[in-house]
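In: requesting a structural model of the entry that follows:
(chains A and B)
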Number of protein chains: 2
Amino acid sequence: MASKRLTASEMRAWRAYAETTGHLHAALEADLTPHGFSLGDYEVLVILSEATDGALRMCDLSEKLGLSPSGLTRRLDGLVKLGYVLRSQCSSDRRVMFASITPTGLEALESAVTDHVLSVRRHLIGQLTPEQIVSLGDIFISVGTALGRPPGTAP
Amino acid sequence: MASKRLTASEMRAWRAYAETTGHLHAALEADLTPHGFSLGDYEVLVILSEATDGALRMCDLSEKLGLSPSGLTRRLDGLVKLGYVLRSQCSSDRRVMFASITPTGLEALESAVTDHVLSVRRHLIGQLTPEQIVSLGDIFISVGTALGRPPGTAP
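Out: Sure, this is the predicted structure:
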C-alpha cells in the first residue's frame, strides 16, 4: 500500500535529487555560456544533428523535447536568430514545418561538445563510483520507462 | 586523467538522467496543476513554511532556490497575486525585503502536500528498489556536495 509519507531513506533520496538537480543544471549551463548558448539550446542542436539530414518536423522535435508548440517556438527563436537553426515549410505539404541545423549551427555545436563532456564528467560522472554510474543509469531507465518515456541508450 | 569521451556505461547513465529528469519534472508538475501552482511555486511555499515565522529575507530565499534576484521576483509574482506570499520591508532596515507565507498560502500548501507525496512515490520512489533509493540519495549527495551545495537531509 502506498504510504502518504516518505520514509527517512525515501525522503533523503528525494530531497537530495530535488535539491541538487537544479544546481547541476545551472553548473552545466554556466560551463556552456562561453559558447553562447543554454543547455536547452545545446539539447536542440544535438537532437537535430543526430536526425537524418539534420532536420526534424516541428511536431517530432517538440515531442522529443517534451515541449508544447509555443514552448518550442520560444526555444528555437534564439537559435534561429543566431543562424544555427532554420525553420522551413515542407515542399510537398505546406502545413508541415521543419527545423534544421545549419552548417554554422553544426560548427557551434562541435566547438562546444568537448567542453560539455568535460563539464558532465566534472560535475556528475566524475563524482561517482563505477557502481553508482550503473545505478544512475538503471534508476532513470526505470523512472523514464514508467513515465512512458524510455530513454535512448545509443551514444 | 579525464577522458574527453564518455564510456558506454557513463553515456548510458548521463543520457538516462538527462532525458528523464525533464519528463519527471513535467509529470510531478502536472499532478500539482489541480492545486493551481507549479512545482517551482510549491518549492517556494515549502521553504517559507519551514522557515522561522514562515518568512525569509529575499537574498536568503534566492540563494536557497538558486535563482537570481530577477528570477526570484518572477517566481514570486504569481504567488503574491494568489495571496499565498507577502513581500514586506524589514521594520529596522528598509533596504531589506522579506517574503513570507500567508495563512492562505499555508492552507494551499497543506492541501497539496498529500497529493504531491503520492506523486513523488508514483513517478520516482515507487519505481525503485530499496537499494536504488539509498543509491539515489548517495549519488545526489555526492554531486550536490561537489557543487558546493550539500543537500539537507532533514525531513
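In: okay, which residue is most central for chain A?
Out: Residue closest to the mean C-alpha point of chain A, counted by Cα atoms, centre = their mean, is residue A:43 at 4.1 Å.
In: verify the contact between it and residue A:65 for me.
Out: Yes - using Cβ atoms under 8 Å, residue A:43 is in contact with residue A:65, at 6.8 Å. To be clear about C-beta, it is placed using only N, CA and C from the backbone, and glycine gets the same treatment.
In: in the helix or strand bottoming out on mean pLDDT in chain A, what's buried?
Out: Ranking every helix and strand in chain A by mean pLDDT, DSSP states H and E puts helix A:58-65 at the bottom, with a mean of 89. Within helix A:58-65, the residues that count as buried by 16 or more other Cβ atoms under 10 Å in any protein chain shown are A:58, A:61-62, A:64-65.
In: element containing the residue nearest to the centre of chain A?
Out: helix A:39-50 (DSSP states H and E).
In: hey, C-alpha coordinates of that helix in CSV?
Out: Taking Å, rounded to 0.1, in the frame of the first residue of the first chain, the C-alpha atoms of helix A:39-50 are listed here in CSV:
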residue,chain,number,x,y,z
LEU,A,39,21.7,23.8,-22.1
GLY,A,40,18.3,23.8,-23.8
ASP,A,41,19.8,25.2,-27.0
TYR,A,42,22.6,22.6,-26.8
GLU,A,43,19.9,19.8,-26.5
VAL,A,44,18.1,21.1,-29.6
LEU,A,45,21.3,21.2,-31.6
VAL,A,46,22.3,17.6,-30.5
ILE,A,47,18.9,16.2,-31.5
LEU,A,48,18.8,18.0,-34.9
SER,A,49,22.4,17.0,-35.6
GLU,A,50,21.5,13.3,-35.0
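In: what secondary structure does residue A:94 sit in?
Out: coil (DSSP: H, G, I helix; E, B strand; the rest coil).
In: burial of it, as a residue count?
Out: Residue A:94: 8 surrounding residues under other Cβ atoms under 10 Å in any protein chain shown.
In: that one and chain B: what is the separation?
Out: Plainly put, residue A:94 is 31 Å away from chain B if you go by Cβ to the nearest Cβ, to the nearest Å.
In: ok, now residue A:125?
Out: Taken as Cβ to the nearest Cβ, the span from residue A:125 to chain B is 5 Å.
In: I figured that residue hits residue A:133, correct?
Out: Yes - look at residue A:125 against residue A:133 with Cβ under 8 Å: they come within range, at 6.5 Å.
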